[in-house]
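Peer 1: What shape does this take:
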Amino acid sequence: MKRVYEPARREDGRRFLVDRLWPRGIKRERLSLDAWAKEVAPSDTLRRWFAHDPYRWDEFRRRYAAELDRRPEAWGPILEATHTGTVTLVYSARDSRRNNGVALKGYLEMKLKKAS
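Peer 2: You can find the predicted model right below:
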């Protein structure tokens with residue numbers, strides 16, 4: 001996990017931007033990415049409903065997981081990349097504990113555990 005405003009490092013491995021919207025103030029050529037996986041981001045409806053309200057965090061994760069369950073083609077490439085090395089999920093939210101990247105990481109870790 002890394003915020004878009006933090007510098008990329010070699011040890012980040014493959015870097016995936018997991019936000020639906022391009023981060024403010026960041027030029028595309030400045031952000032070292034392997035992919036912009038906007039399809040894996042929460043729907044606009046869910047993103048607006050959550051609005052980074054900490055009281056909605058648990059329900060957000062549940063609803064987001066339900067969306068992800070319906071779109072394995074969106075998160076599949078990220079999960080596959082974990083089999084060949086380090087993967088960094090890049091996000092732009094200010095809250096480093098409650099954002100879609102954190103929720104996605106938990107979801108993918110659950111998928112990896114089920115697969116092993």
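
Peer 1: to the chain's geometric centre, what's the distance from stretch 52-71?
Peer 2: The chain centroid and the centroid of stretch 52-71 are separated by 12 Å, computed with CA atoms, centre = their mean, to the nearest Å.

Peer 1: repeat for stretch 20-39
Peer 2: With CA atoms, centre = their mean, you get 12 Å for stretch 20-39.

Peer 1: For it, buried residues please.
Peer 2: Residues of stretch 20-39 classed as buried: 20, 31, 34, 36, 37 (neighbour count, 16 or more other CB atoms under 10 Å). C-beta coordinates here come from the backbone N, C-alpha and C atoms, glycine included.

Peer 1: cool, stretch 38-58 as well?
Peer 2: In stretch 38-58, counting by 16+ other CB under 10 Å, buried: 40, 41, 42, 46, 47, 50, 57.

Peer 1: I'd like to know which of those residues are part of helices.
Peer 2: Using DSSP state H, 46, 47, 50, 57 are the members of the buried residues of stretch 38-58 that sit in helices.

Peer 1: nearest to residue 16, of the residues you listed?
Peer 2: Nearest to residue 16 out of these is residue 47 (CB to CB; 17.3 Å).

Peer 1: hang on, isn't that closest one packed against residue 56?
Peer 2: No. Using CB atoms under 8 Å, residue 47 is not in contact with residue 56; the gap is 11.3 Å.

Peer 1: pretty sure residue 81 is touching residue 12, no?
Peer 2: No. Under the criterion of CB under 8 Å, residue 81 is not in contact with residue 12, lying 11.8 Å apart.

Peer 1: Please, which helix or strand holds residue 88?
Peer 2: Residue 88 belongs to strand 87-91 when assigned by DSSP states H and E.

Peer 1: Could you name the helices and strands sitting against that strand?
Peer 2: Other elements packing on strand 87-91 under the criterion 3 or more CB pairs under 8 Å, 6 or more residues apart in numbering; DSSP states H and E are strand 2-3, strand 14-17, helix 72-81, helix 100-115.
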